[in-house]
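Asker: Make a model of this:
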Amino acid sequence: MGFFGLFNKEKKKETLDKGLETTKRSVFEKISRAISGKSKVDDEVLDNLEEVLMTSDVGVETTLKIIEHIEERVAKDKYVNTAELNEILRDEIAKLLTENHTEDTEGFEIPKSHKPYVILVVGVNGVGKTTTIGKLAYQFKESGYKVVLGAADTFRAAAVEQLCIWGERVGVPVVKQQMGSDPASVAYDTVSNAVATGADVVIIDTAGRLHNKVGLMNELTKIRNVMKKVVDTAPDEVLLVLDGSTGQNAFEQARQFTAATDVTSMAITKLDGTAKGGVVIGISDQFKVPVKYIGLGEGMLDLQPFNRKEFVDSLFG
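Answerer: Alright, predicted model coming up:
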C-alpha cells in the first residue's frame, strides 16, 4: 500500500474539518463581531481583524503581514465589502503557506536511493512527541516499510517505557539502553541495527528537557555526528514536534529549537478541540520550516500529512 493510500480522501477531510472545528468557530465568531454593522472594509474593520488574528494565535509578525496585504488589496480595488473579507483572508493565508512551499511537503517521502532514512525527533516533554513517533511508525509499517525506533531519551524511564509500549503496539523493534546512558550511544546502536537488519526507516526519540541553547546544541550535534559514522547522510530529517494547543508557547519552543539545531520539518499536534489552530499559519510563516504533519486526534491516522490547500479550505470553507 502506498503511503497516501492509508488516507481515504473523504475520511481525511472529515477528520480535518472536525479537528479544526473549534478554531474555525472561534475565528468566524470573532470576524463576525469585527465586521458587525459594516458594509465595507475600512480602517476600523482592519484594526478589528488584526485583533482577531492575534487572539487566534497567528502571531504578531504574521498578523501584520496579512493585514498589510489586505490593506494593499483594499487600496487597489478602492471598494471591498465585508462579504469578501473571508475570501481575501483565505487567499492571503494560502499565499503565505505557498511561499514556504508547504503545499509540496505532504509527509515524508522515503527515497529508494538509500536506506535507512533517519528521522531525528526533537521537542519538549508533553507535546505528543512519543505518540507522534508511534503513529509515524504505524503509518510507515502499514505502507510496507521496515521500521526501527531508538529510545535516546535516556533521562526519563517513562519516556523509554512509553516508546517500548508503542513499539509493541505497532509491531516494530525498539533499541534502548540502561537509564542514564549516553543518548548518542543509543542513536549509534539504533542506526547500526537498522543497517544490519535492512530497515528502511529509523525514528529516534530524544530528551524532552528544555536545555539551555548551548547544552541542547551540543547534545544534538553529538547525536548527529555518531550517526554519520554509520550512515553519512543521517539524519535525513530533524522533526520538531510542537503542541498546537499551547499557542504562543509553541512559538517560543520553535524559536529555541530552530536556534539550537537544524530543524528541517515540524509536526504540530493536539489541534483538535483547541481554538489555537492559527499557530500552524504563524509558525510556518515565521520559521520557514515546512509543517509536514498535523495531529487531529488520538487515532493512528489522526496524524495527517499536512496539505496547505486542504488546511485553508477546511478553516475557511
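
Asker: Not counting residues beside it along the chain, what's closest to Q248?
Answerer: D57 (6.4 Å; Cβ to Cβ, 6 or more residues apart in numbering). Every C-beta, even on glycine, is put in place using the N, C-alpha and C of the backbone.

Asker: What residues does that neighbour make contact with?
Answerer: 247-248, 276-279, 282 (Cβ atoms under 8 Å, 6 or more residues apart in numbering).

Asker: and of these, the nearest to V214?
Answerer: Q248 (24.2 Å; Cβ to Cβ).

Asker: returning to what we had before: for the contacts of D57, work out which two are farthest apart.
Answerer: Q248 and G277 (13.7 Å).

Asker: Looking at these two, which is more packed in?
Answerer: G277 (29 against 13; other Cβ atoms under 10 Å).

Asker: give me the element that one is part of.
Answerer: G277 belongs to no helix or strand when elements are defined using DSSP states H and E.

Asker: Could I get the contacting residues of it?
Answerer: Per Cβ under 8 Å, 6+ apart, neighbours of G277: 20, 22-24, 56-57, 244, 271, 315.

Asker: how does it look with 6 Å?
Answerer: Listed by Cβ atoms under 6 Å, 6 or more residues apart in numbering, the contact set of G277 reads 20, 23, 271.

Asker: Could you do L220 as well?
Answerer: T261.

Asker: What separation is there between it and E50?
Answerer: 37 Å (Cβ to Cβ, to the nearest Å).

Asker: quick one: average confidence on stretch 205-217?
Answerer: The average pLDDT for stretch 205-217 rounds to 75.

Asker: Please point out which parts of the helix or strand hosting K76 sit buried.
Answerer: Using DSSP H and E, K76 sits in helix 60-77. Residues of helix 60-77 classed as buried: 62-63, 65-67, 69-70, 74 (neighbour count, 16 or more other Cβ atoms under 10 Å).

Asker: Equivalent analysis for stretch 216-233, please.
Answerer: So, applying 16+ other Cβ under 10 Å, buried residues of stretch 216-233: 216, 219-220, 223-224, 226-227, 230-231.

Asker: Can I get those residues in CSV including secondary structure and distance to G167?
Answerer: What follows is the buried residues of stretch 216-233, written out as CSV (DSSP: H, G, I helix; E, B strand; the rest coil; distance: Cβ to Cβ, whole Å):
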residue, secondary structure, distance to G167
L216, helix, 26
E219, helix, 23
L220, helix, 23
I223, helix, 20
R224, helix, 23
V226, helix, 22
M227, helix, 19
V230, coil, 20
V231, coil, 21
